[in-house]
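Participant: need a structure here:
(4 chains)
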2 protein chains.
Amino acid sequence: MAGTKDRIMAASAELFRRNGYTGTGLKQIVTTANAPFGSLYHFFPGGKEQLGAEVIRSSGMMYLQLFEIFFAPAADLVSGVEAFFAGAADTLRETDYADACPIATVALEVASTNEPLRKATADVFTAWIDAGTAAFAKFGLGEDAARSLTISLVASLEGAFVLSRALRSTEPLEVASTTSVLAAKTALAARP
Amino acid sequence: MAGTKDRIMAASAELFRRNGYTGTGLKQIVTTANAPFGSLYHFFPGGKEQLGAEVIRSSGMMYLQLFEIFFAPAADLVSGVEAFFAGAADTLRETDYADACPIATVALEVASTNEPLRKATADVFTAWIDAGTAAFAKFGLGEDAARSLTISLVASLEGAFVLSRALRSTEPLEVASTTSVLAAKTALAARP
DNA sequence: CTCCGATTTGATAGATCGCTCTAGCGTGAC
DNA sequence: GTCACGCTAGAGCGATCTATCAAATCGGAG
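Facilitator: Just a heads-up that it's a prediction; the model follows:
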């Protein structure tokens, strides 16, 4: 069986994503993870805040890997964008509009109330932006253009997640995909 | 002085926006609003959920009015987009990255956990989309194009808010503005 | 087999949560 | 005056929250 710490982190990631940080209790986490309560404070002596920070960073890195699969240098950029948004829409539908961005919910909750956790979410977004910039630069874009395109894609995706989860419809994700494809094509056309 | 109910709703709107729904306590609300605790249940017999729903709808309609000012039929569409994003960036900076979308934080929190509140956020987003579609149709766009452009703008804005608040930078809002201007120009160029 | 550190276990403290309840205040109608 | 009613006022309920603690248990090293 997986280690207790891993089970706690996996359960926390899922509950945070669906119920938010303040909306998830530690009792609920250990129950879901089938872990003894004391183990939580054994592995995370810093309490809920430390657990939250580790889960944010870990989930962020997992999502980053997903991103890098879709934008592997060999693939076509526009196809990658379309596939990425389509995959997000599929996941959303399959999970009854529950599983979208693993950290956006927490990011909004803690942005003005908990500086260590805000920092964790900022580090994840920064890692995404840096990775996207590097990946898109391989398609011939300049540093600035690659960075702007990445930020634009991430913003469209995150915003579409908000709308799609609230409306229980994948229409926003489909529109965001079209807009992002347009942005990508425009950036490619402007290559030096 | 403003009525007690108004003070409670104003305080709730600010606290929900910054701390989230589950992250805000009713005691905290009445303290901020300088209102007696009993008054809260006098005006909102349905408790926290009723208060949340009314605040979501009220804040959503206020933001809708803001939107309609920027996209009054007389103005230029592209200028309106630029001004709207620039205004959002100003507000964010002035409030130390606290005051962004009044309902996105709550929307993500309740999307999978509280159906009445999820419905309230969905109604607000729907009202925004309908209003934007009608406003953009006046610039000569077809129904579908106007609707897609609206959804694209709202998604870019919401996503940029997530990134900007977490990163404590207005860069994402500026990038989203550029992308949205591109989308608007493309839509205008494709007019029948 | 013994020992020791790592991990498990759950009871419980102290604070806070949403919410209910009763009593009192203030003002307009008559 | 006095009655009715909208509103103020806050004590307190049971539940739940995060966090702490000491004891039980396990597994590998010597």
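Participant: isn't A:Ser100 up against A:Gly87?
Facilitator: Actually, residue A:100 is Ala rather than Ser. No. Under the criterion of Cβ atoms under 8 Å, A:Ala100 is not in contact with A:Gly87, lying 11.8 Å apart. From N, CA and C alone the C-beta is placed, and that goes for glycine too.
Participant: the two: who's more crowded?
Facilitator: Set side by side, A:Ala100 and A:Gly87 give different neighbour counts by other Cβ atoms under 10 Å in any protein chain shown, the larger being at A:Ala100 (24 against 14).
Participant: which parts of chain A sit against DNA strand D?
Facilitator: For chain A, the residues found near DNA strand D under the criterion Cβ under 7 Å from any atom of the strand are A:Thr24, A:Gly25, A:Leu26, A:Lys27, A:Gln28, A:Phe37, A:Gly38, A:Tyr41, A:Pro45, A:Gly47, A:Lys48, A:Glu49.
Participant: centre-most residue in chain A?
Facilitator: With distances taken as Cα atoms, centre = their mean, A:Cys101 lies nearest the centre of chain A, 4.0 Å away.
Participant: quick check on the closest residue to that one other than its chain neighbours: phi, psi?
Facilitator: What sits nearest to A:Cys101 in space, not counting adjacent residues and going by Cβ to Cβ, 6 or more residues apart in numbering or on different chains, is A:Phe161, at 5.2 Å. Dihedral angles phi and psi of A:Phe161 (degrees, to the nearest 10) take the values phi -60, psi -40.
Participant: count of residues packed around A:Phe161?
Facilitator: A:Phe161 sits with 27 neighbouring residues when counted by other Cβ under 10 Å.
Participant: any idea how far DNA strand D is from it?
Facilitator: Here A:Phe161 is placed at a distance of 24 Å from DNA strand D (Cβ to the nearest atom of the strand, to the nearest Å).
Participant: how about A:Asp76?
Facilitator: According to Cβ to the nearest atom of the strand, A:Asp76 stands 45 Å off from DNA strand D.
Participant: for chain A, which segments count as strands?
Facilitator: Counting by DSSP state E, one finds no strands in chain A.
Participant: which single residue in it comes nearest to DNA strand C?
Facilitator: Taking Cβ to the nearest atom of the strand as the measure, the point where chain A comes nearest DNA strand C is A:Gly38, at 1.9 Å.
Participant: pLDDT score for that residue?
Facilitator: A:Gly38 carries a pLDDT value of 88.
Participant: what's the local residue count around it?
Facilitator: The burial count assigned to A:Gly38 is 9, neighbours taken as other Cβ under 10 Å.
Participant: still on that earlier bit, what pLDDT does the model give the residue nearest to the centre of chain A?
Facilitator: Note on A:Cys101: pLDDT of 92.
Participant: what does A:Ala74 give?
Facilitator: The score at A:Ala74 is 69. That number is its pLDDT.
Participant: which other residues reach stretch A:132-150?
Facilitator: Contacts made with stretch A:132-150 from outside it, assessed by Cβ atoms under 8 Å, 6 or more residues apart in numbering or on different chains, are listed as A:67-68, A:71, A:73, A:77, A:128-129, A:153-154, A:183-184, A:187-188, A:190-192, B:175, B:178.
Participant: what's the spacing between A:Phe84 and A:Asp90?
Facilitator: Between A:Phe84 and A:Asp90 the distance, using Cβ to Cβ, to the nearest Å, works out to 11 Å.
Participant: on that earlier part again, of the contacts of stretch A:132-150, keep whichever come out buried.
Facilitator: Buried residues within the contacts of stretch A:132-150, defined by neighbour count using 16 or more other Cβ atoms under 10 Å in any protein chain shown: A:67, A:71, A:77, A:128-129, A:153-154, A:183-184, A:187-188, B:175, B:178.
Participant: show me the contacts for the residue nearest to A:Cys101.
Facilitator: Applying Cβ under 8 Å, 6+ apart to A:Phe161 gives the contacts A:Ala88, A:Leu92, A:Ala100, A:Cys101, A:Ala104, A:Leu173, B:Gly159.
Participant: and the residues you listed, which is closest to DNA strand D?
Facilitator: Nearest to DNA strand D among those is A:Ala104, at 19.5 Å by Cβ to the nearest atom of the strand.
Participant: dump the residue contacts of A:Phe71.
Facilitator: Residues in contact with A:Phe71 (Cβ under 8 Å, 6+ apart) are A:Leu77, A:Gly80, A:Phe84, A:Gly132, A:Ala135, A:Phe136.
Participant: my bad, should have said A:Ile8
Facilitator: With contact set as Cβ under 8 Å, 6+ apart, A:Ile8 has these partners: A:Ile29, A:Val30, A:Ala33, A:Ala35, A:Ser39, A:Leu40, A:Phe43, A:Phe44, A:Leu51.
Participant: those also near chain B: which ones?
Facilitator: By Cβ under 8 Å from any Cβ of the partner chain, no member of the contacts of A:Ile8 lies near chain B.
Participant: kindly supply the ChimeraX command isolating those of those that are buried.
Facilitator: Typed into ChimeraX, the line below selects the buried ones among those, using 16+ other Cβ under 10 Å:
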select /A:29,30,33,35,40,43,44,51
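Participant: so how far is B:Glu82 from A:Asp76?
Facilitator: 32 Å.
Participant: tell me which of those two has more neighbours.
Facilitator: Neighbours per residue, other Cβ under 10 Å: of A:Asp76 and B:Glu82, the larger number sits with B:Glu82, 17 against 11.
Participant: where's A:Leu77 relative to A:Ala137, distance?
Facilitator: In this structure, A:Leu77 and A:Ala137 are separated by 11 Å, where distance is defined by Cβ to Cβ.
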